[in-house]
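Student: requesting a structural model of the entry that follows:
(2 chains)
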Amino acid sequence: MKYDHPELLDRLAAAYVFGTLGRLPRRRFERLVRSNEAAARALRTWEMHGAALAAAVPPVQPSPAVWAEVERRTGAAPRPRPTAQRRWRDWLRPALGFAFGLLVAVGVVREQPQWVLPSDLPEHAVLPASYVGLMLDAAGKPAALASSRRHGVELSVKLLQPLVVPEGAEAVLWALPKDGAPFRLGVLRTDAKQVIAMAGTSEALLAAVGELAVSIEPVGAAAAQPSGGFVLRGHCVKLW
Amino acid sequence: MLDPVQLERLLARVALRDRQAFRQLYDACAPQLLGVALRLLRRRDLAEDVLQDAFTSVWHRADSYRADASQPMTWLTSVVRNRALDVLRSESLRRAESLDDDDGQGGVAALGDDRPSPLGLLEQAADALHLRRCIDDIDGPQRQCLALAYYHGLSHSELAEHLGSPIGSVKVWLRRGLDKLRRCMERLA
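Tutor: Model (predicted):
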């Protein structure tokens, strides 16, 4: 159909506003309006005429439930009564996340014990690490493993992928307590294996920490809080 | 009812996610819009659903409102009417109410109130616009088709059934009626 006739567009727009177009022609006209400025103009003219007629309709007060539903659907109010299923899901999601993190961390320690334990010491001389954190990159791949003995003041870090740090910036390792603000553990170098000296024992610092994370900060800023997003992040668990 | 400039300001604030403005806009416009939807759908539950959909959509789409293209109430009326017409034309909805008699009183009376008939509404609108003489000049069947189609959302076949006339005649009446209505409305501009 040719839509360049002003008269045809005017009739289509009038029929659209009056509601006498069938369902499919309605959809066709809506598509036409999006691409054809003359059709859009014709529609606006008829919508204006229509609204002038609609003004004669006596108002009817909506029931209060209408506004409550609008608020809920636009995100202002919570669902009035959460169902049992919903509460279960709310609880399940973090629990599953934690369990998955634990499983991965334990799995890594089992499969690659040399990542956690210093390989230059005789096996009987070392206690296995008590605290282990496995950090993942944005794609969810393991990127760094941190571990510490229960009363140790050193945190051993093994990079499982190269850490990219821009010029003039440094990678800062943070501990994220389950309740409370992140605190700084130290600066990560780009070495594959390294040891960070912590301000206290792992038992004192990490007992209430659920996650470890790495952010990129300006060199020497000694930021007390991470300034932006984390490049690596993962669960930290106490194994024994 | 607030004037168009006040409504425009409210819509601009709604586009900035101002919840208080959203509530004011709702209070100012929802009753009028529910009246329009109820006329078309004749069932309060369906009309209130349409009103909810419309205001949810207004919250998300307020930034697409263009003050230079249409007045706020024109835009809001179109959002509500289009949604109501979709519901009305959807196959799942069968009209529970039998359509009214020739003067358009029965169907409205079924709502349990004494609101005016579609023709009465058209006359009131014409009075408000100072177009009464122009609209009275539209032939009776044409005027009736316009009023029943616009206010009650009757389709061609429903109009034919309601008026007891062939569908071809109804289409001609509607088209001529719309042509004349357009000429009347052009006097406003």
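Student: and chain A, is the helix or strand harbouring B:Gln20 touching that?
Tutor: In this assignment (DSSP states H and E), B:Gln20 forms part of helix B:19-41. Yes: applying Cβ under 8 Å from any Cβ of the partner chain, one finds helix B:19-41 touching chain A at B:19, B:22-23, B:26, B:30-32, B:34-36, B:38-40. Quick note: C-beta positions are derived from backbone N, CA and C, even for glycine.
Student: now do that helix: distance to the chain's middle.
Tutor: Mean-position distance between helix B:19-41 and its chain equals 13 Å (Cα atoms, centre = their mean, to the nearest Å).
Student: pull out the buried positions in it.
Tutor: B:21-26, B:28-41 (16 or more other Cβ atoms under 10 Å in any protein chain shown).
Student: likewise stretch A:52-65?
Tutor: Applying 16+ other Cβ under 10 Å to stretch A:52-65 flags A:Ala52, A:Leu53, A:Ala54, A:Ala55, A:Ala56, A:Val57, A:Val60, A:Pro62 as buried.
Student: and what of stretch B:78-89?
Tutor: Result for stretch B:78-89 [16+ other Cβ under 10 Å]: buried residues B:Ser78, B:Val79, B:Val80, B:Arg81, B:Asn82, B:Arg83, B:Ala84, B:Leu85, B:Asp86, B:Val87, B:Leu88.
Student: nearest to B:Glu186 among those?
Tutor: Nearest to B:Glu186 out of those is B:Ser78 (Cβ to Cβ; 19.8 Å).
Student: and chain B, what are its domain boundaries?
Tutor: Using automatic domain parsing, the domains assigned to chain B come out as B:4-89, B:106-186.
Student: immediately after the least confident helix or strand in chain B by mean pLDDT, which helix or strand?
Tutor: Least confident helix or strand of chain B, by mean pLDDT, DSSP states H and E, is helix B:106-109 with a mean of 41. Using DSSP H and E, the helix or strand that follows helix B:106-109 in sequence is helix B:118-128.
Student: with only the CA atoms kept, save that next one in PDB.
Tutor: Written as PDB, here are the backbone C-alpha positions of helix B:118-128 (Å, rounded to 0.1, in the frame of the first residue of the first chain):
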ATOM      1  CA  PRO B 118     -22.200   8.200  23.900                       C
ATOM      2  CA  LEU B 119     -24.200  10.700  21.800                       C
ATOM      3  CA  GLY B 120     -24.700  12.800  25.000                       C
ATOM      4  CA  LEU B 121     -20.900  12.800  25.600                       C
ATOM      5  CA  LEU B 122     -20.200  13.800  22.000                       C
ATOM      6  CA  GLU B 123     -22.700  16.700  22.500                       C
ATOM      7  CA  GLN B 124     -21.100  17.700  25.800                       C
ATOM      8  CA  ALA B 125     -17.600  17.600  24.200                       C
ATOM      9  CA  ALA B 126     -18.900  19.800  21.300                       C
ATOM     10  CA  ASP B 127     -20.400  22.300  23.800                       C
ATOM     11  CA  ALA B 128     -17.100  22.500  25.700                       C
END
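Student: ok, residues contacting it?
Tutor: Contacts with helix B:118-128, where a contact means Cβ atoms under 8 Å, 6 or more residues apart in numbering or on different chains, come from A:52-53, A:55-57, B:39, B:103-104, B:116, B:132, B:134-136, B:143-144, B:146-148, B:150-152, B:184.
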